[in-house]
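Novice: what follows is a predicted protein model with its sequence.
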Amino acid sequence: MAKKTFDWVRDAEEPMRALVERESRSKQEARARKAADLVDQLVGLGESAQKHVPLDDSTHRELREYARISPKARSARRRQLNHLGTLLLAEDLDAIEAALGGGSGPTEREAQIELLVRWRKRFIDERDAAIDAFIEQYPDADRQQLRQLTSRAAKLVGSPAGTKASRALLKALRAAADLL
């Protein structure tokens, strides 16, 4: 037997209600993740720096409360972090992020370090040609030290000692680029 169709009839006296659009679940989850990241940044700031962030008085009060909780009380700190995340959902997250100097992109320092990591890989792959190119950009770099560290890192690739040598090479690159 076929399904009967149902014709909905609205009474003239029944008021029309506007449909309220809700955020999708994925947008809600992304907003919650952003709030959690901002809570982590806020907790890392000192109290004087937190005062410059546009937050409600209750949120500022809860941030001070978090600072009072002993680091040994992990459960209490976790609960307080969750509570702060819930409070931040009612705030303007973009304004808070702007006040914290954030953007979703990497900072300039992180971008420079990433560039040096690529230089390190290039050093291990190309050796002298890469070192010469690096010396052109950073003339104060110690060519002999870079060659020694590069050859040691290339020789020990894949071993724990190779990891240590690779870190030493990155440290030398950071020193040459004044990123210590």
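Specialist: Ah, there it is.
Novice: what separation is there between Gln112 and Arg118?
Specialist: 11 Å (C-beta to C-beta, to the nearest Å). To be clear about C-beta, it is placed using only N, CA and C from the backbone, and glycine gets the same treatment.
Novice: higher neighbour count, the two?
Specialist: Using other C-beta atoms under 10 Å as the criterion, Gln112 and Arg118 rank with Gln112 on top: 15 against 9.
Novice: next up, the contacts around the more buried one.
Specialist: 177, 179 (C-beta atoms under 8 Å, 6 or more residues apart in numbering).
Novice: dump the C-alpha coordinates for the helix or strand hosting it into CSV.
Specialist: Per DSSP states H and E: Gln112 is located in helix 108-126. Only the C-alpha atoms of helix 108-126 are listed here, as CSV (Å, rounded to 0.1, in the frame of the first residue of the first chain):
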residue,chain,number,x,y,z
GLU,A,108,58.0,35.4,11.5
ARG,A,109,60.5,33.6,13.8
GLU,A,110,58.8,30.2,13.2
ALA,A,111,59.0,30.9,9.4
GLN,A,112,62.7,31.7,9.7
ILE,A,113,63.4,28.5,11.6
GLU,A,114,61.5,26.5,9.1
LEU,A,115,63.6,28.1,6.4
LEU,A,116,66.8,27.0,8.3
VAL,A,117,65.4,23.5,8.6
ARG,A,118,65.1,23.4,4.8
TRP,A,119,68.7,24.7,4.5
ARG,A,120,69.9,21.9,6.8
LYS,A,121,68.2,19.3,4.6
ARG,A,122,69.7,21.0,1.5
PHE,A,123,73.2,21.0,3.2
ILE,A,124,72.9,17.2,3.8
ASP,A,125,71.7,16.6,0.2
GLU,A,126,74.0,19.0,-1.8
